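# Here is a sequence with its predicted model. Questions after.
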Amino acid sequence: MEPIRCCIACRAKKTKENFFRIVANDEKKAILDKKQNSNSRGIYICRDKKCIENALKAITKNKLKLKINVDNQSLVEVLKELGEEIWEN
């Protein structure tokens, strides 16, 4: 049985293939883990524009609780890039 992950925005539980994975580098900057195999703690978000928008709103209101220590500005930038990528497809 594959491990189940949880979306930071909607709390949906799915396998990791259904999510984008974001990790923090050594400088606490958010980066997209495209291969989903970085050897560090990560956060997951649905491949859905609505979840990305909700996460962005939660960050601006300082209401998003994360289990990784990441710079909020870099996280916003990564989420905006993901939103634009989804919008194009």
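Sure thing, it's come through.

# Just to check, Glu2 is in contact with Thr15?
Yes: using C-beta atoms under 8 Å, Glu2 is in contact with Thr15, at 4.9 Å. C-beta coordinates here come from the backbone N, C-alpha and C atoms, glycine included.

# And these two? Which one has more around it.
Shown here are Glu2 and Thr15; by other C-beta atoms under 10 Å, Thr15 has more neighbours (11 against 8).

# if I read this right, Arg41 contacts Asn69, doesn't it?
No: contact criterion C-beta under 8 Å: Arg41 and Asn69 do not qualify, at 9.0 Å.

# So for those two, which residues contact both of them?
Common contacts of Arg41 and Asn69 (C-beta atoms under 8 Å, 6 or more residues apart in numbering): Ala24.

# of those two, who's got more company?
Set side by side, Arg41 and Asn69 show more neighbours around Arg41, with 12 against 8, by other C-beta under 10 Å.

# For the more buried one, give its distance to Glu84.
Per C-beta to C-beta, to the nearest Å, Arg41 is found 26 Å from Glu84.

# quick check: longest helix of this structure.
helix 72-88 (DSSP state H).

# where along the chain do the helices fall?
For the chain, the helices defined by DSSP H occupy 49-60, 72-88.

# Going by contacts, tell me the helices and strands next to the first one.
By that I understand helix 49-60. strand 42-46, helix 72-88 (3 or more C-beta pairs under 8 Å, 6 or more residues apart in numbering; DSSP states H and E).
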